[in-house]
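K.L.:
Provided below for reference: sequence and predicted model.
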Amino acid sequence: MRMKIPYAALLALPVAASAQLTEIPEFTGEYSEGFEGSAGGFLPCVEPAVFDGQAELCSTLAHTTTGWSFRCQIFPMEGARFYGSANPGTA
């Protein structure tokens with residue numbers, strides 16, 4: 001069954017796509033994480049616990065690495081390591 005979309009709805013699409021962006025300043029908190037002491041590997045959780053041991057960062061395939069290259073190459077902006085999940089749909 002085909003749906004009929006009113007022309008007014010089609011005209012509203014470009015307006016929604018051009019919404020104003022608001023810059024959010026860098027978060028500065030009591031704890032930070034650089035993943036420098038992380039074990040790497042595809043583990044259920046990043047080891048050791050993150051934010052000076054205050055939290056666990058878990059995914060089915062949690063990974064800390066010096067670079068990521070599947071379809072493109074990604075490197076950390078600061079430090080030597082960063083976090084990524086090899087399982088789509090998880091943090």
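P.N.:
Structure's in. What do you need? Numbering: from 1, shown residues only.
K.L.:
quote the end-to-end distance of stretch 51-65.
P.N.:
Taking C-alpha to C-alpha, to the nearest Å, the first and last residues of stretch 51-65 lie 17 Å apart.
K.L.:
stretch 72-85 now?
P.N.:
In terms of C-alpha to C-alpha, the two terminal residues of stretch 72-85 are separated by 15 Å.
K.L.:
contact partners of it?
P.N.:
With C-beta atoms under 8 Å, 6 or more residues apart in numbering as the contact definition, stretch 72-85 has outside contacts at 34-36, 38, 40, 46, 57, 59-68, 91. C-beta coordinates here come from the backbone N, C-alpha and C atoms, glycine included.
K.L.:
of those, which belong to helices?
P.N.:
Secondary structure defined by DSSP state H assigns none of the contacts of stretch 72-85 to helices.
K.L.:
how distant is the top strand by length along the chain from the center of its chain?
P.N.:
Of all the segments assigned as strand in the chain under DSSP state E, the longest by residue count is strand 58-65. Strand 58-65 has its average C-alpha position 12 Å from the chain's average C-alpha position, going by C-alpha atoms, centre = their mean, to the nearest Å.
K.L.:
which other helices and strands does that strand contact?
P.N.:
Contact partners of strand 58-65 among helices and strands, from 3 or more C-beta pairs under 8 Å, 6 or more residues apart in numbering; DSSP states H and E: strand 43-45, strand 82-85.
K.L.:
any idea which of those scores lowest on pLDDT?
P.N.:
Lowest mean pLDDT within these: strand 82-85, at a mean of 84.
K.L.:
how far does that one sit from the chain's center?
P.N.:
Going by C-alpha atoms, centre = their mean, the spacing between the C-alpha centre of strand 82-85 and its chain's C-alpha centre is 8 Å.
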